[in-house]
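Next one to model:
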Amino acid sequence: MAKKDKRRKEIRRKLLHKYRLVILNENTFEEKISFKLSRLNVFVSGSLAVIGLIALTTLLIAFTPLREYIPGYSSTALKRQATELTYTTDSLVTVLNYTNRYIDNIRKVLRGDIENNQSNRDSVFEPFKIDPAQVDLSPIREDSVLRAQVALEDKYNLFERPSADGSTLLFAPLTGTVTQGYDPKGRHYAVDVVAPRDTPVKAVANGTVIFSEWTAATGYVVILEHKDGLLSVYKHNGSLAKEQGEVVRSGEVIASVGNTGELTTGPHLHFELWKNGNPVNPLNYIDFN
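Numbers count the residues shown, from 1 in each chain. Next up is the predicted model:
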């Protein structure tokens, strides 16, 4: 027991034994600063300093941008930005693919190319067809009123009204003599209408100009996009009155008859109609006489 008390006293003495830390002037040995220290307060001060340093480092990492420079640490803002960039990139790729397909379709219209697709398009939509027997098709009053209103509006539509056989009547781009008709076998997907030079060429329906440029083979060309997947193409024009992106009305002048391009033998209009990516006979829609 005496030995334990003696040991404790010895440890207490070592911990509490006072030391003096003195800072002297090297030349004059003048005492500048002095500190009274003991092993205990040095240990306590050092421990507090280490704990403070750890706490300060934790605060810097948690609440300042310095944490982004630590290897392996992921920032919430960077994650959000990466996610937004991923969605934006995916959207841009989708738009780019759509634009490329759209440009390919326009290029086919300009060249008059048609792909021989033997697949049955209806089979693609077969799984999504609805059995009419399971649907209530009884007309309601609101539907009847709407149908009557639409029919009344179409009755006085002079330029885009259905004909007796269900086809759409379009405004004639010009009046003239058809010298060459629609001939799919001969890869002539248009009608050639002879008219005097500088005769105004008009839009067959309301639409948007999606192409208005010079081409070597067909001269000045205008392509209009209409509703329901309809495109109208006007080639060999002498001049163009509309630019790409402009909106035109039915019967509005968009060009003039000319004799431009390599594939022409005189002033005429080479006119094409394309429906959902396939050429159709313009004479089924327009009377050029």
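
hmm, who's touching stretch 281-289?
By Cβ atoms under 8 Å, 6 or more residues apart in numbering, the residues outside stretch 281-289 that reach it are 167-178, 181-182, 190-191, 193, 204, 271-273. (Glycine included, C-beta is placed from N, CA and C.)

again, only this time at 10 Å
163, 165, 167-178, 181-184, 189-191, 193-195, 204-205, 230, 232-233, 269, 271-273, 275 (Cβ atoms under 10 Å, 6 or more residues apart in numbering).

out of these, which are inside strands?
177-178, 191, 193-194, 230, 232-233, 269, 271-273, 275 (DSSP state E).

returning to what we had before: just the buried subset of the contacts of stretch 281-289, please.
Among the contacts of stretch 281-289, those classed as buried by 16 or more other Cβ atoms under 10 Å are 168-174, 176, 178, 182, 189-191, 193-195, 204-205, 230, 232-233, 269, 271-273.

Identify the residue nearest Glu262 in space, chain neighbours excluded?
Of all residues not flanking Glu262 in the chain, Ala217 sits nearest, at 5.2 Å (Cβ to Cβ, 6 or more residues apart in numbering).

Over to Gly266?
Asn259 (5.8 Å).

show me what contacts that neighbour?
Arg197, Gly219, His236, Asn237, Gly238, Thr265, Gly266, Pro267, His268.

mind giving me the domain ranges of the chain?
Per automatic domain parsing, the structural domains of the chain span 2-63, 74-111, 177-284.

Just give me how far the first one sits from the chain centre.
Its chain's C-alpha centre lies 68 Å from the corresponding centre of domain 2-63 when counted by Cα atoms, centre = their mean, to the nearest Å.

before we move on, the earlier item: per-residue confidence at the residue nearest to Gly266, what does it come out as?
Asn259 is assigned a pLDDT of 92 by the prediction.

next one: Asp122
Asp122 carries a pLDDT value of 48.

so who does His226 touch?
Applying Cβ under 10 Å, 6+ apart to His226 gives the contacts 160, 168, 170, 203-208, 232, 248, 250, 273, 275.

what do you get for Ser38?
Lys14, Leu15, Leu16, His17, Lys18, Tyr19, Val44.

try it again with 6 Å
Residues in contact with Ser38, defined by Cβ atoms under 6 Å, 6 or more residues apart in numbering, are Leu16, Lys18.

Relative to Leu48, how far out is it?
15 Å (Cβ to Cβ, to the nearest Å).

and stretch 201-217, how far apart are its ends?
Start-to-end span of stretch 201-217 (Cα to Cα, to the nearest Å) is 19 Å.

Buried residues of that stretch, list them for me.
Those would be Val201, Lys202, Ala203, Val204, Ala205, Asn206, Gly207, Val209, Ile210, Phe211, Ser212, Thr215, for stretch 201-217 by 16+ other Cβ under 10 Å.

all helices for this protein, in order.
2-16, 39-63, 76-111, 122-125, 141-155 (DSSP state H).

quick one: Val194 from Val248, how far?
Per Cβ to Cβ, Val194 is found 24 Å from Val248.

right, I mislabeled it, should have said Arg187
To Val248, Arg187 is 28 Å away according to Cβ to Cβ.

what about Glu252, neighbour count?
Glu252 has 16 neighbouring residues, counting by other Cβ atoms under 10 Å.

Cool, thanks, signing off.
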